[in-house]
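Chemist: got a predicted structure plus its sequence, pasted below:
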Number of protein chains: 2
Amino acid sequence: MLQMETNRTYSNVIARLRASGLRPTRQRIALAKLLFDDGDRHVTAELLHAEAKTANIRVSLATVYNTLHQFTEAGLLREIVVDSQRCYFDTNTGEHHHFFFEKSNRLEDIPADEIVVTSLPSAPDGTEIKSVDVVIHLS
Amino acid sequence: MLQMETNRTYSNVIARLRASGLRPTRQRIALAKLLFDDGDRHVTAELLHAEAKTANIRVSLATVYNTLHQFTEAGLLREIVVDSQRCYFDTNTGEHHHFFFEKSNRLEDIPADEIVVTSLPSAPDGTEIKSVDVVIHLS
DNA sequence: ATAGCTGCAAATGCTTTGCAAGGCC
DNA sequence: GGCCTTGCAAAGCATTTGCAGCTAT
């Protein structure tokens, strides 16, 4: 059962990578599994690298960075900016917002329907709204 | 007239520094004038340092960083996080939100009344909402 | 075979820090 | 004078890059 689940997501992962034009290499597959097998997650490069090491996947930190950015460009991840010292990547690419726990440097999703932003200003002149990010800082 | 204005803000600046428990040193006074004399501004350390140089104020980059943080702690500035590579400081400490122009790495204020956030989720367990930051990314 | 990946280590860029010299009260 | 501030240069960190070797197709 667990094995079946693993195989299913393994194939999914490869399919997703191919669909994004990314070669399904050993490292990308392993990182994608860590990222996407467990529901919505928020990771930093450092954290994901540590997880890979724990899972006996040998991958360099540079490759983790490269992979996270490639996944983000491919639309598999979303980058969240809450802290000027660290990059966070969110496996939930849908519309939603975030709690940021300043004490623990941790992010948590807020479902889109729990925050309603009414009366948005329109985008200035020749610009276009790319995203509306709401971060609730908690102390 | 312009001179009077300058003197007035000069005194204001010294008073504000004293009120915040900061010694009004030459560098702090000069930086405070650059920051607070021209209405609401968004600066990075690098930018402020360049402005100081242009204005013939000799101040080291390290001092600019230290000063920006001291001002922030004193409540004279607010730190805005929009880019994981750079710290932005906003002279407008009141409630409001931001446009971020990704092409030019520039911030612009959105008055508080132009964005209405209804139905905020409540803060989890033992936490407290410190701030609700809305950033509209423009491309 | 070959174009694309990966690993390592070095480089980069922003920010902080240590310490001696200088300036405000 | 005493203590806080400053400047400089060096250190610190997260992230990126260059390049030789490896791998998926």
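Modeler: Done, it's in. Residues are numbered from 1 along each chain as shown, chains lettered A, B, ... in the order given.
Chemist: ends of stretch A:116-133, what's the gap?
Modeler: End-to-end distance for stretch A:116-133: 12 Å, by Cα to Cα, to the nearest Å.
Chemist: just confirm yes or no for it near chain B.
Modeler: Yes. Contact of stretch A:116-133 with chain B (Cβ under 8 Å from any Cβ of the partner chain) involves A:116-121, A:123-124, A:127-133. Bear in mind the C-beta positions are built from the backbone N, C-alpha and C, glycine included.
Chemist: quick one, which of the residues you listed are buried?
Modeler: Using 16 or more other Cβ atoms under 10 Å in any protein chain shown as the burial test, the residues of stretch A:116-133 next to chain B include A:117, A:127, A:132-133 as buried.
Chemist: relative to strand B:129-138, how tilted is whichever strand in chain A runs longest?
Modeler: As assigned by DSSP state E, the longest strand anywhere in chain A is strand A:129-138. Here strand A:129-138 points in a direction 170 degrees away from that of strand B:129-138 (axes from the mean of the first three to the mean of the last three Cα atoms, to 10 degrees).
Chemist: let's see stretch A:54-68 as CSV, backbone CA atoms only.
Modeler: Taking Å, rounded to 0.1, in the frame of the first residue of the first chain, the C-alpha atoms of stretch A:54-68 are listed here in CSV:
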residue,chain,number,x,y,z
THR,A,54,18.5,12.7,6.1
ALA,A,55,16.8,10.7,3.3
ASN,A,56,20.2,9.6,2.1
ILE,A,57,19.9,11.5,-1.2
ARG,A,58,23.2,13.0,-2.1
VAL,A,59,22.7,16.4,-3.7
SER,A,60,24.7,19.5,-3.4
LEU,A,61,23.3,22.7,-1.9
ALA,A,62,23.9,24.5,-5.2
THR,A,63,21.8,21.9,-7.0
VAL,A,64,19.0,22.4,-4.5
TYR,A,65,19.1,26.2,-5.2
ASN,A,66,19.1,25.6,-8.9
THR,A,67,16.3,23.1,-8.7
LEU,A,68,14.1,25.3,-6.6
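Chemist: anything in that stretch near chain B?
Modeler: No. Stretch A:54-68 stays clear of chain B (Cβ under 8 Å from any Cβ), getting no nearer than 12.2 Å.
Chemist: what comes up buried for that stretch?
Modeler: Under the neighbour-count criterion of 16+ other Cβ under 10 Å, stretch A:54-68 has A:57, A:59, A:63-64, A:67-68 buried.
Chemist: A:Val59 is in contact with A:Leu31, correct?
Modeler: Yes. With contact defined as Cβ atoms under 8 Å, A:Leu31 reaches A:Val59; the gap is 6.8 Å.
Chemist: and the buried ones among the residues of stretch A:116-133 next to chain B as CSV, adding distance to B:Val82 and pLDDT?
Modeler: Listed next are those as CSV, based on distance: Cβ to Cβ, whole Å; pLDDT from 0 to 100:
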residue, distance to B:Val82, pLDDT
A:Val117, 17, 87
A:Thr127, 15, 91
A:Val132, 13, 91
A:Asp133, 9, 92
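Chemist: of those residues, which is the nearest to DNA strand D?
Modeler: Minimum distance to DNA strand D across those is 16.9 Å, recorded for A:Asp133 (Cβ to the nearest atom of the strand).
Chemist: what pairs with that closest one across the strands?
Modeler: Counting by DSSP bridges, A:Asp133 is bridged to B:Val135.
Chemist: list the contacts for it?
Modeler: Counting by Cβ atoms under 8 Å, 6 or more residues apart in numbering or on different chains, A:Asp133 makes contact with A:80-81, A:97-98, B:134-137.
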